[in-house]
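S.K.: sequence and computational prediction follow.
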Amino acid sequence: MKRVLADLVGFGKTYLRNVSGPFFAFAFPILLIMVFGAIFSGDNITMVDLPVQNLDDGQYSNAFIDVLNQTGMVSIETIPEDAAIREYIDDNSLPLALVIPDDFSAMITSLVYENGTGMATVTVYGDPTRSTYDIAVGAVDAAITYLNNNLTGVEPVISFQVSQGGADEFKFMDFFLPGVVGITVMTNSLFAMTSICAEYRNRGYFRMLATTKISKAEWLVSKFIFFTIMLVTSLILTYAIGRAVFDMETSLTLVSLVLIAAGAFLFVSMGMLLGIIIRDPESGAAVANAIGFPMMFLSGAFFPLESMPEYLQVVAKAIPLTYLNDGLRDTMVYANNESALLNLAILSALALIIFVAASKLMSWKEK
């Protein structure tokens with residue numbers, strides 16, 4: 001029994017001395033519970049923003065909008081009547097939009113009082129990969145059901161149709177791909193560089209590099225070039241397979257390639273910066289996971305920012321991966337390069353700040 005106890009104590013001390021063990025045993029499940037609980041808690045439901053283009057502005061269209069507001073599920077915003085809806089959606093990267101046709105009230109009047117034929121139909125445009133899409137469709141369906149019951153009680157006179165985003169040809173994989181690409185850039189660059197820097201410090205490789213002519217900035221740039229080439233190649237292969245297997249219509253643009261380079265630059269620099277405080281590869285993996293996993297879930301890759309509580313949306317705006325995902329979606333799905341370039345500028349500024357900090361703070365001669 002004494003030998004068992006001695007072995008238990010010895011192994012326990014060794015295991016707990018390594019950060020990765022306690023992290024995955026204790027911190028990681030708590031982290032998941034906190035993140036998913038904050039996102040999906042019923043007490044923190046956030047209304048969905050629903051831009052509406054009311055081309056009718058008649059009695060029944062205004063009543064329909066009032067009922068939508070009363071559902072408590074959507075917050076109505078106005079789209080100008082003279083806007084071309086598909087171009088407006090693309091230009092503003094809207095995940096949702098509702099269009100009420102110009103004959104909406106006239107059609108209902110004809111059906112209810114004049115025995116007319118047909119149906120008054122509104123159109124919901126949206127990104128089906130977002131949970132807010134189902135919320136908006138549910139609110140529109142509920143409002144239409146309420147009006148139909150009040151107008152006729154028997155035969156429905158109002159219906160709705162759905163259309164994906166600004167172009168009907170986009171599919172689930174088209175909207176999902178940018179998020180996957182963003183996560184791939186982060187995980188490969190951040191996780192690998194954190195472990196590499198930890199191993200180099202642990203094995204004394206940095207002290208060896210200090211005896212050469214290469215500078216820390218040059219060493220970091222070489223890693224950035226490597227990861228950029230690897231990740232751009234990965235995107236091209238993923239895109240080619242997606243086109244062949246899933247018949248995707250997402251565009252592979254020059255801006256998307258530049259965004260990947262900026263993302264690699266940022267997360268490679270961040271990995272080196274983390275190397276300042278990491279002492280061994282196992283601890284590096286734990287720290288990278290502690291930083292990377294919240295970014296995955298809070299950056300809009302899997303869950304739309306609009307569906308999160310407001311305080312988490314504020315947190316998401318401080319996450320670099322958010323701007324990478326938004327930029328990729330803007331250019332690849334919506335062809336909105338103006339918005340994509342804005343995200344690229346923010347990403348590049350963050351990358352430059354972290355690169356300079358990593359280059360200045362990392363000491364290769366530290367023992």
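M.R.: Noted; the coordinates are in hand.
S.K.: after the helix or strand hosting G284, which helix or strand is next?
M.R.: Secondary structure from DSSP states H and E places G284 in helix 281-298. Going down the chain from helix 281-298, the next helix or strand is helix 310-316, by DSSP H and E.
S.K.: counting by contacts, list what that next one packs against.
M.R.: Here helix 310-316 touches helix 281-298, going by 3 or more Cβ pairs under 8 Å, 6 or more residues apart in numbering; DSSP states H and E. The way it works is simple: take the backbone N, C-alpha and C, and place the C-beta from them, glycine included.
S.K.: please work out the average pLDDT along the helix it packs on.
M.R.: If you average the pLDDT over helix 281-298, you get 76.
S.K.: got the domain ranges for the protein?
M.R.: Domain assignment for the chain by automatic domain parsing gives 45-164, 172-361.
S.K.: as a markdown table, those domains with mean neighbour count would be great.
M.R.: Output for the domains of the chain, formatted as a markdown table (neighbours: other Cβ atoms under 10 Å):
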| stretch | mean neighbour count |
| --- | --- |
| domain 45-164 | 17 |
| domain 172-361 | 19 |
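S.K.: run the angle between the strand or helix carrying R329 and helix 281-298 for me.
M.R.: Per DSSP H and E: R329 is located in helix 320-332. Angle of helix 320-332 versus helix 281-298, following axes from the mean of the first three to the mean of the last three Cα atoms, to 10 degrees, is 50 degrees.
S.K.: what's the helix holding G284 packed up against?
M.R.: helix 20-22, helix 28-40, helix 172-186, helix 192-203, helix 254-274, helix 310-316, helix 320-332.
S.K.: just to revisit the earlier point, off-centre distance for the helix holding R329?
M.R.: 7 Å (Cα atoms, centre = their mean, to the nearest Å).
S.K.: can you check stretch 194-207 too?
M.R.: 32 Å.
S.K.: try stretch 90-110
M.R.: Distance, stretch centre to chain centre, for stretch 90-110: 27 Å (Cα atoms, centre = their mean).
S.K.: pLDDT of it, averaged?
M.R.: Per-residue scores along stretch 90-110 average to 87.
S.K.: which ones are touching the most centrally placed residue in the chain?
M.R.: The residue lying closest to the centre of the chain (Cα atoms, centre = their mean) is G300, at 2.0 Å. Neighbouring residues of G300 by Cβ atoms under 8 Å, 6 or more residues apart in numbering: 179, 316, 322, 325-326.
S.K.: ok so, going back, the helices and strands packed on helix 281-298: which one's closest to A97?
M.R.: For these, proximity to A97 was assessed by Cβ to Cβ; helix 172-186 is nearest, at 14.9 Å.
S.K.: in JSON lines: the helices and strands packed on helix 281-298, plus mean pLDDT.
M.R.: JSON lines is the format used below for those (pLDDT from 0 to 100):
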{"stretch": "helix 20-22", "mean pLDDT": "51"}
{"stretch": "helix 28-40", "mean pLDDT": "52"}
{"stretch": "helix 172-186", "mean pLDDT": "80"}
{"stretch": "helix 192-203", "mean pLDDT": "78"}
{"stretch": "helix 254-274", "mean pLDDT": "90"}
{"stretch": "helix 310-316", "mean pLDDT": "81"}
{"stretch": "helix 320-332", "mean pLDDT": "90"}
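S.K.: immediately after the host helix or strand of A142, which helix or strand?
M.R.: Taking DSSP H and E as the criterion, A142 maps to helix 131-151. As assigned by DSSP H and E, the chain's next helix or strand after helix 131-151 is strand 158-164.
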